[in-house]
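Asker: pasting the structure only:
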């Protein structure tokens, strides 16, 4: 397993991160513990969660359960010091989370104290803002994204408030580093600028979607990552399981994410089927599991700090972790790029 530092810190994380958003709905506590045991054994030291998990489906009845499972594992094993633990405070819009107010000073303080209690720890290694309060283009919102309705002064004031609060929590020892998620280039740069101006904690990472079907990060976000050392933590590297091929031809395997969240957050629709079939053909040509092809491709990107995998079975977890040891031939990468040119934004 290879490791990279988070941003300009000395916090070293595995290039594969264990995602947890199915724990508490699709996965039991015992299964979550089994996954953590196996991942740590395989050299994964980076676990990512969020206060709103699980998400399959998401809702007030299960909110926080994933963090509770991680907390019981940490308590049982005593391995807190071996893990880089990341969690998130929700952005605005979830009414069952503090009235849906989103991330600001009061809500961040309330959220982190609740997360620390559930996780049975006294510090978070990487604390992230799950999505911006002001609006963004992630979660398939790009088709109706309109930044011109946003209040500039309010947005900047909120970013400043978040940074100042995070700074206080760093000084208090509750946070080691801060990150963003579902952010834009302007948003990340504004965090960096304000932090530098006010001597506040510097953003070390952004957790955005990245996979063979959704490669927005290749553009201006990649440039920002290069110059500012803000690495990508890629979520949905298999596009919610679509790139495994399990949904080809309208299939909906029992117990799969597609059988629970029917369109997998807007990803599962007819436009994605031709490129998925093309990527499956490339995987077959080079005798690779399709999931390994997709994950190994993500790992070729210079801006990639860690790829977040999620599995509901141990077989899936084993396959996903094994992708860290796959080296794609240059010819395979060239064929992937040809498919991408034909289908640059199919979902």
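Answerer: Received it, and whenever you're ready, just let me know what you need. Nothing here was measured: the structure is a model prediction, and the numbers come from that model. Numbering: from 1, shown residues only.
Asker: could you list every residue that touches residue 242?
Answerer: By C-beta atoms under 8 Å, 6 or more residues apart in numbering, the residues touching residue 242 are 213, 264, 267-268, 272, 276, 347. For glycine as for every other residue, the C-beta is placed from the backbone atoms N, C-alpha and C.
Asker: switch the cut-off to 7 Å
Answerer: 213, 264, 267-268, 272, 276 (C-beta atoms under 7 Å, 6 or more residues apart in numbering).
Asker: for it, give me phi and psi.
Answerer: phi -60, psi -40 (degrees, to the nearest 10).
Asker: pLDDT score for it?
Answerer: At residue 242, the pLDDT value in this model is 90.
Asker: and residue 129, what does it touch?
Answerer: With C-beta under 7 Å, 6+ apart, residue 129 has these contacts: 88-89, 91, 103, 162, 180-181.
Asker: who wins for most neighbours among those residues?
Answerer: When neighbours are counted by other C-beta atoms under 10 Å, residue 89 leads these with 29 neighbours.
Asker: I figured it was touching residue 130, is that so?
Answerer: Yes. At 6.3 Å, residue 89 counts as touching residue 130 under the criterion of C-beta atoms under 7 Å.
Asker: could you list the low-confidence segments of the stretch 51-200 of the chain?
Answerer: Applying pLDDT under 70 to the stretch 51-200 of the chain picks out no residues at all.
Asker: which ones are touching residue 304?
Answerer: 231-232, 234, 298.
Asker: partners of it in the sheet?
Answerer: Beta-bridge partners recorded for residue 304 (DSSP bridges): residue 232.
Asker: read off the pLDDT value for it.
Answerer: So residue 304 comes in at 98 (pLDDT).
Asker: for residue 175, see how far away the residue lying closest to residue 64 once chain neighbours are set aside is.
Answerer: Using C-beta to C-beta, 6 or more residues apart in numbering and skipping residues adjacent in sequence, the residue nearest residue 64 is residue 118, 5.5 Å away. Distance of residue 118 to residue 175, given as C-beta to C-beta, to the nearest Å: 16 Å.
Asker: ok, back up a step: save the contacts of residue 129 as CSV, and put in secondary structure and distance to residue 151 too.
Answerer: Output for those, formatted as CSV (DSSP: H, G, I helix; E, B strand; the rest coil; distance: C-beta to C-beta, whole Å):
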residue, secondary structure, distance to residue 151
88, strand, 24
89, strand, 21
91, coil, 16
103, coil, 16
162, helix, 16
180, strand, 19
181, strand, 22
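Asker: who's in contact with the residue positioned nearest the centre of the chain?
Answerer: Nearest to the mean C-alpha position of the chain, by C-alpha atoms, centre = their mean, lies residue 235 at 3.5 Å. Applying C-beta under 7 Å, 6+ apart to residue 235 gives the contacts 19, 207, 209, 308.
Asker: and with 8 Å instead?
Answerer: Residue 235 touches 19, 181, 207-210, 308, counting by C-beta under 8 Å, 6+ apart.
Asker: if you rank these by neighbours, which is first?
Answerer: residue 207 (29 neighbours).
Asker: hmm, that residue is touching residue 128, no?
Answerer: Yes. With contact defined as C-beta atoms under 8 Å, residue 207 counts as touching residue 128 (6.0 Å).
Asker: by neighbours, which of the contacts of residue 304 wins?
Answerer: residue 234 (26 neighbours).
Asker: pLDDT score for the residue with the largest distance to the centre of the chain?
Answerer: Of all residues in the chain, residue 285 has its C-alpha farthest from the mean position, at 29.7 Å, by C-alpha atoms, centre = their mean. We have a pLDDT of 98 for residue 285.
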